[in-house]
Structure formats: C-alpha cells, structure tokens
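*Asks:* test case, fold it:
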Amino acid sequence: PRRVVASAMFASAFAARFLLAFVFLVSALNKLHAIAHDDAGATLATLAPRLLAAKDAIRARAGLDCDSVLPLSDAQYLCVATAMELVGAVLFIADVSVGAKMLAAFTIVVTPVMHPYWTMARDGDDDASAAASSASAAYEVEVVMFWKNVSMLGGLLTYLAMKPAV
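*Replies:* Alright, predicted model coming up:
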C-alpha cells in the first residue's frame, strides 16, 4: 500500500508540474519556431511597443534607464525570455527548483509588460460600435491573461514553498 501511495503521489506531482509548465513550454517552442524560420517579426511587432511602454514607465516612476542597465535589442530580449521559458519549463518538469525560480522570475517580469490592462481604455460599455466592442474584448482578454499569469505564479510559489531549502 505504501508503494502504491508513493507511486500515485509521484505521478500526480509530475502531472501537476507538467501541466503548469506546459504553457511556458509551448510558448517558448512557438517563439523558437518563429525565430528559426525568420518569422519573429510578428512577435517583435507585438513586443516592441509594450516593451517601450514598460521602459518609459520605469524611467518615469523610478528614474531608471533600462537601456543603460541592460542594453539589449528587442530581439535579444525575446531570445533571453524564450531561453528562460524553455529551460525553466524543462527543469521544473524534472522537479528542479531552479526551474520554478526561473519561471517565477519570467512571469513577474513579463506579465505586467505584456498584459498591462490598466493602461487600456475600457470602451464599449455604452457604445455598440464594432470598434468599441473590439476594444472591450481586447481589454477583457488582457485582464484574464494577467490574472492567469498571477495564478500560475501562485502555483510556482506553492511548489517552491513546499520544497526543502538547500
């Protein structure tokens, strides 16, 4: 009975890690595919304005020039983020706590940059136009994506809290 329980616990823990890491793994593999096929332009087109807005916000609120601290191009930021996602996901699935730390750091940095719903106009409440409806839908998607990432961060922090300190 003890061996069966231990086996079931191992299997469920592995499944939980795999399912949590799956989003990061697929995201990293999709970015790698785009980079390998010289098709990272669409990803960079989405990343560039959001990264610029984040850098401007940090400069305005903290007086910190991100480009002087970490002088990377948008493409280099994309490569670093992709590597953190991929390596972190693989290590996390393998039950290596450094992977969870990498994914947590990635999530903390990337979530407010890529899903800044608080900067978006929440149009469409009183306007039935297609543009207002689209803006409202985009706002709702960003809210959901932001809080989904926060929830995944909670899962990573729970995993880290349950690991023995080394």
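
*Asks:* which strands or helices does the helix or strand harbouring Phe14 pack on?
*Replies:* Using DSSP states H and E, Phe14 sits within helix 2-36. Contacts defined by 3 or more C-beta pairs under 8 Å, 6 or more residues apart in numbering; DSSP states H and E place helix 2-36 against helix 41-62, helix 74-93, helix 97-114, helix 130-162. The C-beta positions use only the backbone N, C-alpha and C, and glycine is treated the same way.

*Asks:* at 7 Å what do you get?
*Replies:* Helix 2-36 makes packing contacts with helix 74-93, helix 130-162 when contacts are defined by 3 or more C-beta pairs under 7 Å, 6 or more residues apart in numbering; DSSP states H and E.

*Asks:* list the buried residues for the longest one?
*Replies:* By neighbour count with 16 or more other C-beta atoms under 10 Å, helix 130-162 contains the buried residues 132, 135-136, 138-139, 142, 146, 149, 152-153, 155-156, 159.

*Asks:* what packs against it?
*Replies:* For helix 130-162, where contacts count as 3+ C-beta pairs under 7 Å, 6+ apart, the packed elements are helix 2-36, helix 97-114.

*Asks:* nearest to Ala54, of those?
*Replies:* Closest of the helices and strands packed on helix 130-162 to Ala54 is helix 97-114, at 4.4 Å (criterion: C-beta to C-beta).

*Asks:* what does the closest one rub up against?
*Replies:* Residues from elsewhere that reach helix 97-114 (C-beta atoms under 7 Å, 6 or more residues apart in numbering): 24, 50-51, 54, 81, 84-85, 87-92, 146, 149-150, 152-153, 156-157, 159-160, 163.

*Asks:* would you mind listing the buried residues in that helix?
*Replies:* 97, 99-104, 106-107, 110-114.

*Asks:* mean confidence score for stretch 118-136?
*Replies:* What stretch 118-136 shows for mean pLDDT is 70.

*Asks:* quick one: end-to-end length of that stretch, please.
*Replies:* 12 Å (C-alpha to C-alpha, to the nearest Å).

*Asks:* any idea how far the most centrally placed residue in the chain lies from Ser151?
*Replies:* Centroid-nearest residue in the chain: Thr107, 4.2 Å away (criterion: C-alpha atoms, centre = their mean). Applying C-beta to C-beta, to the nearest Å, the value for Thr107 to Ser151 is 10 Å.

*Asks:* repeat that for Ala60.
*Replies:* Distance from Ala60 to Ser151, by C-beta to C-beta: 29 Å.
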